[in-house]
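Trainee: My questions are about this predicted structure, shown below with the sequence.
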Amino acid sequence: MKFFVSCAKGLEYLLADELLALGLPVATATIAGVNAEGQLRDAQRVVLWSRLASRVLWPLAEFECPDEGSLYQGVVAMPWEEHLHSDLTLSVDAHVSGTAITHARFAAQRIKDAVVDRLRGQGQERPSVNTEFPDVRINLSLRKGRATISIDLSGGPMHRRGWRNAQNEAPLKENLAAAVLLRANWPKIHAEGGGLLDPMCGSGTLLIEGALMAADVAPGLQRHGSLPPSRWRGFDQAQWKELMAEARERERIGRAALKQVIHGSDNDPHAIRAAKENAEVAGVAEAIWFGVRDVVDLQVPPQATGCVVCNPPYDERLAADNALYRQLGDALKRAVPQWRASLLCGSTDLAFATGLRARKTYQLFNGAIECALIVCDPIAVPKRESDGQPRELSEGAQMVANRLRKNVKKFKNWLSREQISCYRVYDADLPEYAAAIDVYQEDGGQRRTFLHVQEYAAPAEIPDVDVRRRRNELLSAAREVFQVPADQVALKSRERGKGGSKYGRFEQRGEFVLVRENDALLRVNLFDYLDTGLFLDHRPLRWHMAQEATNKRFLNLFCYTGAATVQAAVAGAATTTSVDLSGTYLQWCADNLALNGKGGSQHQLIQADALAWLEAERHRFDVIFCDPPTFSNSARAEDFDVQREHVRLLRAAVARLSPDGVLYFSNNFRRFKLDEDAIREFAACTEISSQTIGLDFERNARIHRAWELRRHGA
């Protein structure tokens, strides 16, 4: 069976790894969860053993749901008498998106009504509702007009471990705490005899979760006790008892081997009192040392190696004391400089305030709050020295860094709202630092952040020594702000040479990085070519075309690596056809399609001169994208000049449109002039350039121009 395991945003790839380690044959990360495959026993094992999951949803039915009437009819048609008795209590959780049904509570009520009506129609009594501790919890997911009805096998939020009696004002959820510990590599460090330290431990969540993790205690063991998590009739009670028996035996062995290497402190005595109470209930009080102590008085633990985990304070408005974060960073560098640290900070700005150099940074969500989890290994990175003095950012580099932070803050809400992970963060904002900086965030893997820096040619009157200095200052600022190592920065720098400026030699690393745009996975190569395989400025146009291409025939001319093709395919295009003269780019396009499970005769790749192919082709298409190069002088085709050939090209493309089809034409030739009089003879043409420029390209709105063309009378 396929089932869904939900989690907090940012934990998807950790959760997928955890599920595979638990023995599931398939676990694929998606937004806020993992699509898993396995047997019911596998799903029940996840309920008992997952430290990261929020819910485990076992689907019962899926159907089209354009309105609330369809929702009711779809649920009432289900054989609920096979799933629950009338003497059991039930509860319904609903998650809706789209315009069909907009109120989750209303949807939950209609599902409850349908279940009750079905059971009463079968001669059973009306079941009772218990929203807190139901016998059977039903879940609705309504997305893109399709409803999925599932049983929540977990019976409730899985972050609750069953030991929390006391808490401070803002307790960290246990599944987020587990993520912080896993990023710290705590299980391996404990196995090797290392210690665990939280100098701002609050009510002890990180330390208690760390102790239970080290002791191999199943997260669901104390939560469920002697009762199964669900009394759904399909729940395999015998298998659950076997899983619980196995977990209790592992707990017995693990607690006996638990080392006393865990230390926690806080300057609030009430928080320490709550932490001790919680540790007592969890059965790990003997394994953790707690003390009342300010972070500036942090003591050196007895273990030579270990890891620090911490969730420094901030509130829902991200109000926090930057000085406190700096004190934390300074204390860790003094007390445990060679340890590893995993710190969940309220924002990237607060993470920066620690003064620690992060080896990796992850985006996590603590409820609705977007946080930055930084991993430092080691905590104190030796600074490069010059004449015995630490190397700091120069005045110019600091100026660039300030501008980068300003742009990051400006884009933050937009990036989160649009779920954008690849974007332009700087485009010669400061004229003397003339370069474009693009951010590429890896999807999956190590979730690394890469920077793609394209330096513009400096005027001839600027001395080479100043060009190199400014370049180094720009790179230093970018690495400092985004906390990335040098090998994750790709520099494309124009150098002066015979015949004018030219780009220097590229690296030959052969390294492809997976990124995500909307729902599509794409391969980019940041180091080996002038371009990366993804033109970021066309992001809004690709999204618009993908929505328009659903259930339609899509043609991509001069397709390059096929990013627009993949977007259309993922959005449900009936067919896609991609044309390019380069076999390398077509293979890249094929690889991108395969990444997203798209291939076969439905998605054609054609190696040909696009203009010659168009004039010979007789099929029609509903959506055509044409983004030609400015010039091309390939030995396998006639020379191409977009200014000279655009009327011929557009006439041939419009001729291939279906009666109601649309052609999107774009190019980035700065001096391009559209021959409107000639085009008016065969098409209606509207310039849409302003609608195709994203927030990150507003400074350089001439990055491309775009037009929409339709056949006369369409």
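Mentor: Received the coordinates, thanks. Numbers count the residues shown, from 1 in each chain.
Trainee: ok, then the element right after the lengthiest helix in the chain?
Mentor: Of all segments of type helix in the chain, defined using DSSP state H, the longest is helix 395-418. Counting by DSSP states H and E, the next helix or strand C-terminal to helix 395-418 is strand 422-427.
Trainee: Tell me which helix or strand the residue of the chain most remote from its centre sits in.
Mentor: Distance from the C-alpha centroid of the chain, by C-alpha atoms, centre = their mean, peaks at Gly123 (48.3 Å). Using DSSP H and E, Gly123 is not contained in any helix or strand.
Trainee: before we move on, the earlier item: show me what the longest helix of the chain is packed up against.
Mentor: helix 348-353, strand 422-427, helix 464-482 (3 or more C-beta pairs under 8 Å, 6 or more residues apart in numbering; DSSP states H and E). (Each C-beta comes from the backbone N, C-alpha and C, glycine too.)
Trainee: that older thread, confidence score at the residue farthest from the centre of the chain?
Mentor: pLDDT for Gly123: 89.
Trainee: Run through the residues that contact it.
Mentor: Contacts for Gly123 (C-beta atoms under 8 Å, 6 or more residues apart in numbering) come out as none.
Trainee: Could you list the low-pLDDT ranges of the stretch 601-714 of the chain?
Mentor: Residues of the stretch 601-714 of the chain meeting the criterion pLDDT under 70: 634-637.
Trainee: Run through the strands of it in chain order.
Mentor: 603-607, 621-626, 631-632, 640-641, 657-667, 683-687, 705-711 (DSSP state E, counting those that start in this stretch).
Trainee: To Asn139, which of those strands lies closest?
Mentor: strand 603-607 (34.3 Å; C-beta to C-beta).
Trainee: Pull the distance from that closest one to the chain's centre.
Mentor: Counting by C-alpha atoms, centre = their mean, to the nearest Å, strand 603-607 is centred 30 Å from the centre of its parent chain.
Trainee: What of stretch 155-174?
Mentor: Between the centre of stretch 155-174 and the centre of its chain there are 25 Å (C-alpha atoms, centre = their mean).
Trainee: Endpoints of it, how far apart?
Mentor: 17 Å (C-alpha to C-alpha, to the nearest Å).
Trainee: what mean pLDDT does it have?
Mentor: 82.
Trainee: and that stretch, which residues are buried?
Mentor: Neighbour-count burial for stretch 155-174, with 16 or more other C-beta atoms under 10 Å as criterion, is recorded at 155-156, 158-161, 163-164, 166-168, 171-174.
Trainee: likewise stretch 284-295?
Mentor: Judged by neighbour count (16+ other C-beta under 10 Å), stretch 284-295 contains these buried residues: 284-285, 287-288, 290, 295.
Trainee: next one: stretch 434-448
Mentor: For stretch 434-448, burial by neighbour count (16+ other C-beta under 10 Å) applies to 434-443, 447-448.
Trainee: Now do the strands in the stretch 201-350 of the chain.
Mentor: With DSSP E, counting those that start in this stretch as the criterion, the stretch 201-350 of the chain has strands at 262-266, 288-292, 306-310, 340-345.
Trainee: which strands and helices sit next to the second one?
Mentor: By that I understand strand 288-292. Against strand 288-292 (3+ C-beta pairs under 8 Å, 6+ apart) you get helix 205-214, strand 262-266, helix 269-282.
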